[in-house]
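# Curious how this folds, go ahead:
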Amino acid sequence: MSKRNFNKMDDDQIRGSSRVLRSSLAKKGGHLDEKFKKRKMTDLDPRSSQVRNQRGRLNQTKVKGTKSLAEKHVSTDAKKGKQGTKTTVWSIKDKHEYKIQLPLSVDTSISWITGCHLMDSGEIIMTDFYNKSLKKLDRTSATVTVCDLPSIPFGMCYIGNNTVAVSLGQKLQFANISGDMNLMQSVDTDHYCKGLTYHDSKILTVNDNSVFIHNYNGKQERCLFTYDSNAYFQGIAVSDDGQRIYIASWNIGLVTIDNKGNHLFTLSDPELNDPFRLSLDNHGNVLICYPHSNIVMQVSPDGKNEMGRIIKATDSIEWPNSLYFDRNTSSIIVGCGGSAYLYVFDLK
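Residues are numbered from 1 along each chain as shown. Now for the predicted structure:
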């Protein structure tokens with residue numbers, strides 16, 4: 001683990017690293033080429049030339065003994081509840097950016113954020129794909145705390161009690177995010193885990209075509225839903241009442257099912273490429289980030305109607321890869337791929 005001021009990496013160094021990574025990912029004209037667009041996140045091998053093999057951490061994470069996760073917790077977002085129906089589209093009031101890139105002695109690649117969560121303390125927890133780490137941003141003291149992970153993280157969710165679950169391919173890794181952060185127990189799964197979310201003491205994960213339910217300790221209980229073709233599921237979210245489950249599919253769009261596993265609706269937009277991560281606002285609307293299109297879309301609670309674009313391609317962010325809606329301040333946190341910055345948009 002290491003704690004460093006995130007402003008210490010030179011901006012020219014950051015921009016250079018970003019250009020190298022984006023070039024290696026065959027990015028052309030603001031969008032990835034067709035060959036890369038058909039690849040899955042599971043195909044991005046950290047052993048490739050895109051990622052340095054020498055980590056060079058200032059302090060290596062010491063994995064402490066397994067801790068019990070027997071306590072049950074209710075989603076903190078669900079506790080905050082809805083504040084009536086919002087039929088208009090959120091718009092941007094202000095934009096803030098926070099540098100999350102650490103020096104090359106710690107971060108061996110440009111940051112690629114695949115998950116984020118805002119704590120009640122105001123700290124932001126993130127998973128950094130290429131740097132194989134958990135990061136905690138303290139915006140007040142301008143510091144980033146880093147906890148090494150044993151493999152590349154595809155996503156994360158907060159499960160209460162200062163604990164997050166991180167998807168590492170065929171493993172769920174738990175971590176205590178208080179203080180300097182430390183790894184806890186891990187659980188092997190018989191399927192690949194990518195996006196994940198937490199609701200009512202259950203962890204829901206997705207692989208390419210299916211939704212799985214795990215208990216609070218990570219043990220798989222059952223497969224809830226399977227799509228009959230290559231959907232390439234990426235992200236998942238659950239309505240506050242637990243009645244609807246929303247799934248972001250690279251190949252299809254937004255898939256909505258009920259909590260019994262019945263398909264309700266599929267929303268597709270031929271103009272948009274590859275929805276990736278989801279978050280819900282305090283009115284039950286679904287917010288979806290589209291990395292290839294550089295937008296965040298707002299969809300109605302029933303998953304049937306696009307209400308409009310909150311973040312547009314003209315808002316100067318690239319590859320929005322993860323997002324979290326803060327119900328206390330009506331703002332969204334956006335983590336990007338190949339960026340040294342984390343963005344917070346105040347909405348109105």
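
# Would you map the helices across the protein?
With DSSP state H as the criterion, the chain has helices at 11-24, 34-37, 76-80.

# Would you mind checking which of those scores lowest on average pLDDT?
Per-stretch mean pLDDT for the helices of the chain is lowest at helix 34-37 (a mean of 33).

# Now stretch 160-170: buried residues?
160, 163-169 (16 or more other CB atoms under 10 Å). No exception for glycine: its C-beta is placed from N, CA and C like everyone else's.

# and the end-to-end length of that stretch?
22 Å (CA to CA, to the nearest Å).

# any idea of the mean pLDDT for it?
97.

# Return the distance of it from the chain's centre.
Computed by CA atoms, centre = their mean, to the nearest Å, the chain-centroid distance of stretch 160-170 equals 12 Å.

# Next: stretch 195-209.
Between the centre of stretch 195-209 and the centre of its chain there are 12 Å (CA atoms, centre = their mean).

# For it, buried residues please.
195-199, 202-209.

# Could you do stretch 208-225 as well?
Quick answer for stretch 208-225 (16+ other CB under 10 Å): 208-214, 216, 218, 220, 224-225.

# Format the buried residues of stretch 195-209 as CSV; extra columns: distance to residue 325 and pLDDT.
Formatted as CSV, the buried residues of stretch 195-209 follow (distance: CB to CB, whole Å; pLDDT from 0 to 100):
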residue, distance to residue 325, pLDDT
195, 16, 97
196, 17, 98
197, 13, 98
198, 15, 98
199, 15, 98
202, 21, 98
203, 20, 98
204, 18, 98
205, 21, 98
206, 20, 98
207, 25, 97
208, 26, 96
209, 27, 97
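
# Cross those residues against strands and list the overlap.
196-199, 202-206 (DSSP state E).

# for those, which one is nearest residue 190?
residue 205 (11.4 Å; CB to CB).

# Provide a list of residues in contact with the closest one.
Neighbour list for residue 205: 167, 172, 189, 191, 193-196, 211-212, 214, 236 [criterion: CB atoms under 8 Å, 6 or more residues apart in numbering].

# any idea how far residue 212 is from it?
5 Å (CB to CB, to the nearest Å).

# residues bridging contact with those two, i.e. touching both?
189, 191, 193.

# so who does the nearest residue to the last one once chain neighbours are set aside touch?
It refers to residue 193. Leaving aside its chain neighbours, residue 193 sits nearest to residue 167 (3.8 Å; criterion: CB to CB, 6 or more residues apart in numbering). Contact partners of residue 167, counting by CB under 8 Å, 6+ apart, are 153-156, 173, 193-196, 205.

# What strands flank the longest strand along the chain, and is each parallel or antiparallel?
In the chain, assigned by DSSP E, the strand with the most residues is strand 182-193. In the sheet, strand 182-193 lines up against strand 169-176 (antiparallel) (DSSP bridges).

# in the partner strand, what counts as buried?
Buried, per 16+ other CB under 10 Å, within strand 169-176: 169, 171-176.

# With distance to residue 109 as new columns, can those be given to me in TSV?
Compiled in TSV, the buried residues of strand 169-176 are given as follows (distance: CB to CB, whole Å):
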residue	distance to residue 109
169	18
171	21
172	24
173	20
174	25
175	21
176	25
